[in-house]
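# Turn this into a model:
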Amino acid sequence: MQTETISTESKSIPIKFERFQASEDADCQRRIIAAKEKLGKRLVILGHHYQNETVYRHADFTGDSLKLSRYCETLDAEYIVFLGVHFMAEVADILSRPDQIAILPDLAAGCSMADMANLAKVERSYRELSKVLNFDETITPVTYINSAADLKAFCGEHGGIVCTSTNAPKILEWSFKQREKVLFFPDQNLGRWSGYKMGIPLDEMPIWDPDQPMGGLTEEQIKKAKILLWKGHCAVHQMFRLQNITKFRAEHPDGIVISHPEAPFEVCQNSDYVGSTEYILKTVSEAPANTKWLVGTELNLVNRLAEQMKPQGKLVQFMSHVVCECSTMARIDPQHLAWVLENLVDGNVVNQIKVPAHEAKLAKLTLDRMLAAS
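Numbering: from 1, shown residues only. Next up is the predicted model:
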């Protein structure tokens, strides 16, 4: 059964999600529009670019993680409904006012990458690294925004920071000004590409495997490392292959390849452009008409961009030969969105995301550092 978090000010018995499960999408679309009209300015819906079009169309603001984080600081609405995944709704709760309520339509919408680093593993890694180095004097912990609030809090407690795919290079520059090394988690690909662009040799960016004693590294490797890359990745971006690029270039010699930095290193290395979702959208949108693009990021964004670029004669192709949709983000569907909105109309809050106060305070330190540095 869908988990429900109910406001203490509930005016009626919350509507059970089971009543929406069998509803047709078209019916839910009408109900979403009607509920939005009733809630008016009390409601703001935020939508990540990877979200399915059936709910993305209802977002009041859209963007990547950094852009949406900045929106969260300025919104006046009473309710912030996040079309995304769990860590995004946590960020909304942390950065919004105490009187505002962050809601995730389906609590099962998580992030497989974020799950690759949990607090127990990070704290064990901290203890192990402290046997070789004075962690708090030599290592800046950097967590990708695709991580749980307690990991952001860990970074806050140990002088660390959060980054996004947009600002990762700037955040690394900030980190190295604090201390000589970085522990970067949970995405090794973003950390490696960002370090490589800064001129850090690959052999100074070893993989730290949290499931192996001492991360699977020797003391010498740890001392030599500039960036310790957590063994984690995005399941979607990990599917992209160099052979996809080779095939595209053979078919379109004048084509252009653009990839997200969560893609494997060799994909980024053989792309013409590498950047965040906002960067990809801007670059392709501003390119000359009739250009041809191979795009290495999530399927919903690529399909949406391809449709938008058709009037300009631009060809936009998805990089992988297999479907690479973010399956956890896809859990946010019209049925769940209609359910949470109709409950709000009735005065009931379901699926509220509330970060514990002690975690939120430390996590906000890292987010504030990130926003200031970027």
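# alpha carbons only for contacts and neighbour counts from here, please
Noted.
# residues near residue 216, how many?
15 (other C-alpha atoms under 10 Å).
# I should have written residue 40 there, sorry.
10.
# Just the pLDDT for it.
We have a pLDDT of 97 for residue 40.
# any idea how far residue 353 is from it?
To residue 353, residue 40 is 21 Å away according to C-alpha to C-alpha, to the nearest Å.
# for residue 61, same thing?
Taking C-alpha to C-alpha, one finds residue 61 at 19 Å from residue 353.
# which one of those two has more residues nearby?
Neighbour count, other C-alpha under 10 Å: between residue 61 and residue 353, residue 353 has more, with 24 against 15.
# so the more buried one touches residue 106, yeah?
No. Using C-alpha atoms under 8 Å, residue 353 is not in contact with residue 106; the gap is 10.7 Å.
# State the three-state secondary structure for the residue positioned nearest the centre of the chain.
By C-alpha atoms, centre = their mean, the mean C-alpha position of the chain lies nearest to residue 146, the distance being 4.5 Å. Following DSSP: H, G, I helix; E, B strand; the rest coil, the label given to residue 146 is coil.
# which of the residues in the worst-scoring helix or strand of the chain on mean pLDDT are buried?
Lowest mean confidence among the helices and strands of the chain (mean pLDDT, DSSP states H and E): helix 112-115, at a mean of 76. Buried residues in helix 112-115, counted by 16 or more other C-alpha atoms under 10 Å: 112-114.
# Same check on stretch 157-174?
157-172, 174.
# In strands, which of those appear?
Cross-referencing the buried residues of stretch 157-174 against strands under DSSP state E gives 161-163.
# okay, and for the chain, where does confidence drop off?
1-11, 322-329 (pLDDT under 70).
# Go again with 50.
1-10 (pLDDT under 50).
# Run through the strands of it in chain order.
43-48, 61-63, 79-83, 101-103, 139-144, 161-163, 181-185, 207-208, 227-230, 256-259, 273-274, 292-296, 315-318.
# The second one pairs with which strands, and in what direction?
Translated: strand 61-63. strand 43-48 (parallel) (DSSP bridges).
# ok, residues contacting the strand it pairs with?
36, 56, 58-65, 68, 75, 77-84 (C-alpha atoms under 8 Å, 6 or more residues apart in numbering).
# Now the buried members of the residues you listed.
36, 56, 58-59, 62-65, 68, 75, 77-84.
# what about the closest residue to residue 167 other than its chain neighbours, how many neighbours?
Nearest residue to residue 167, sequence neighbours excluded (C-alpha to C-alpha, 6 or more residues apart in numbering): residue 374, at 6.0 Å. If you count neighbours by other C-alpha under 10 Å, residue 374 ends up with 16.
# Please apply the same query to residue 67.
Applying other C-alpha under 10 Å, we find 15 other residues in the vicinity of residue 67.
# I'd like the numbering to begin with 281 instead of 1 from here.
Sure, I'll start counting at 281 from here, so that last one is residue 347.
# Tell me the spacing between it and residue 329.
In terms of C-alpha to C-alpha, residue 347 sits 11 Å off from residue 329.
# hmm, back to that, got the CA coordinates for the least confident helix or strand of the chain in PDB?
Only the C-alpha atoms of helix 392-395 are listed here, as PDB (Å, rounded to 0.1, in the frame of the first residue of the first chain):
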ATOM      1  CA  SER A 392      19.800   3.700  -8.000                       C
ATOM      2  CA  MET A 393      23.000   5.800  -8.000                       C
ATOM      3  CA  ALA A 394      22.100   7.400  -4.700                       C
ATOM      4  CA  ASP A 395      21.500   3.900  -3.200                       C
END
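# Which secondary structure elements does that helix sit against?
Taking 3 or more C-alpha pairs under 8 Å, 6 or more residues apart in numbering; DSSP states H and E as contact, there are no helices or strands that helix 392-395 lies on.
# Residues in contact with it: which ones?
Against helix 392-395 from outside (C-alpha under 8 Å, 6+ apart): 426-428, 466-467, 512-515, 608.
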